[in-house]
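1. with the input below, show me the fold.
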Amino acid sequence: MKSSQVFIIGATGYIGSTVMDLLLKESAKSGHTFRALVRSPEKAEDIRSIGIEPVFGSLDDTELLEKEASHADIVLSFANSDHLGSVQAILKGLRHRPRLENGRKRPILIHTSGTGVLLDEAYGNHGSQTIYYDNDIAQLSTLGPQQPHRIVDLEIMSPTLKGQVDTYIVVPPAIWGFGTRPGSLSHNQVSIMVASSLKHKQAVQIGKGLNYWSKVHVVDLAVFYIHLFGRALKEPQDEISNVGQGQVSLPKNEDAYYFVQEGDDFQWGEVAQEIAKHFQQLAINDSGLVKGTSPEEEAVYWEPGMSGYLGGNSRSRAVKGKELLAWEPKYTDFKSYIYEEIQCQRRL
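-> Modelled structure (predicted):
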């Protein structure tokens, strides 16, 4: 595999730092060079210490993003899934990137979205039997532009990019577990629920807690990115080349969605019950009761938008990753993590 120029957005966050920790180990012999967008000297020093060249800026610096993308073989984005301007700048840079002989003829974007794009308006009051499969284009095409993340996703899936940029969208469900780098241990939906419960010294949930989500451990998610990164680089480098014998071409562009899910789905009420149980054991609240919050109480218990986000149904199945990338998740002890998250936040 030829060495590649890689530009990263969100390299120091919960997902990005864990992915980069694994990717740098995997890429030690590849000769890949890495540059990453950072906003502070502290973050710059952190990533420089592990072999990534910092680029100072933010998602609003569209000219900078376009320039960096125009020199990259591959862009990895783990940042804000709803920042349309930054994505447009990256795609513009990739489309106008010189097709040098010593680089890829067709650059790559691997973007991070989320299964918030699948949400309904249950507000915790009912479950759903609707499950979305990432290999079912017809089903996914029913998602309207009003869905979270969808406007940005549609930009990345535009038919006009075919033959110019290979685009892939990783769509994680509820992420759990601790990241592998200091300072980015956890920032996920479970940690949000635990934080609110600790603040009010009572387990809380949205509505009746009947809504379902799929889940994945952050390290299993990071391994998925490694599989996709390596496989995407092996795709034909021009529009005409055939895929190697016995190898199926990766779905991309208009078929860019890749779900990343492990095991059975869960109801958020189950998480709240676990929190209530541990609060009894830890003498935080002896009642064992769960407080169900209404949309009108959101400002008291949650960040803006959480009633819809943590209260909706979002069920997905990772068909492509398992069939085409040989990705198999290994972490399954979801309930134990809830206790560990409580203890972690109590120590802060």
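2. flag the shaky bits of this structure, pLDDT-wise.
-> The chain contains residues with pLDDT under 70 at 1, 99-104, 183-185, 237-247.
3. and the helices in it?
-> 14-26, 41-48, 62-70, 84-95, 137-140, 150-156, 189-200, 218-233, 268-281, 298-301, 306-309, 319-324, 334-347 (DSSP state H).
4. reformat those as CSV; add mean neighbour count and distance to I206.
-> From N, CA and C alone the C-beta is placed, and that goes for glycine too. Output for the helices of the chain, formatted as CSV (neighbours: other CB atoms under 10 Å; distance: least, CB to CB, whole Å):
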stretch, mean neighbour count, distance to I206
helix 14-26, 21, 22
helix 41-48, 16, 33
helix 62-70, 19, 35
helix 84-95, 20, 27
helix 137-140, 13, 25
helix 150-156, 19, 22
helix 189-200, 20, 9
helix 218-233, 21, 23
helix 268-281, 20, 7
helix 298-301, 15, 9
helix 306-309, 20, 6
helix 319-324, 17, 29
helix 334-347, 16, 16
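5. now those helices in a markdown table, with distance to Y168?
-> A markdown table is the format used below for these (distance: least, CB to CB, whole Å):
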| stretch | distance to Y168 |
| --- | --- |
| helix 14-26 | 14 |
| helix 41-48 | 23 |
| helix 62-70 | 15 |
| helix 84-95 | 13 |
| helix 137-140 | 14 |
| helix 150-156 | 9 |
| helix 189-200 | 23 |
| helix 218-233 | 6 |
| helix 268-281 | 29 |
| helix 298-301 | 34 |
| helix 306-309 | 24 |
| helix 319-324 | 10 |
| helix 334-347 | 26 |
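6. quick one: closest of those to E262.
-> helix 218-233 (6.1 Å; CB to CB).
7. name the helices or strands packed onto that closest one?
-> helix 14-26, strand 74-77, strand 108-112, strand 166-171, strand 174-176, helix 319-324 (3 or more CB pairs under 8 Å, 6 or more residues apart in numbering; DSSP states H and E).
8. the same query, at a cut-off of 6 Å, please.
-> Helices and strands touching helix 218-233, by 3 or more CB pairs under 6 Å, 6 or more residues apart in numbering; DSSP states H and E, are helix 14-26.
9. hey, what's the angle from the helix it packs on to helix 41-48? Just curious.
-> 30 degrees (axes from the mean of the first three to the mean of the last three CA atoms, to 10 degrees).
10. start at 770 instead
-> Yes, from this point I'll number from 770; that puts the last item at helix 783-795.
11. what about helix 783-795, distance to the chain center?
-> 13 Å (CA atoms, centre = their mean, to the nearest Å).
12. got the CA coordinates for that helix in PDB?
-> The C-alpha coordinates for helix 783-795 follow below in PDB (Å, rounded to 0.1, in the frame of the first residue of the first chain):
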ATOM      1  CA  TYR A 783     -13.900  10.900  22.300                       C
ATOM      2  CA  ILE A 784     -14.100   9.000  19.000                       C
ATOM      3  CA  GLY A 785     -11.300  10.600  17.100                       C
ATOM      4  CA  SER A 786      -8.600  10.200  19.800                       C
ATOM      5  CA  THR A 787      -9.400   6.500  20.100                       C
ATOM      6  CA  VAL A 788      -9.400   5.900  16.400                       C
ATOM      7  CA  MET A 789      -6.100   7.800  16.000                       C
ATOM      8  CA  ASP A 790      -4.500   5.800  18.900                       C
ATOM      9  CA  LEU A 791      -5.200   2.600  17.000                       C
ATOM     10  CA  LEU A 792      -4.600   3.900  13.500                       C
ATOM     11  CA  LEU A 793      -1.100   5.300  14.300                       C
ATOM     12  CA  LYS A 794      -0.100   1.900  15.600                       C
ATOM     13  CA  GLU A 795      -1.500   0.200  12.500                       C
END
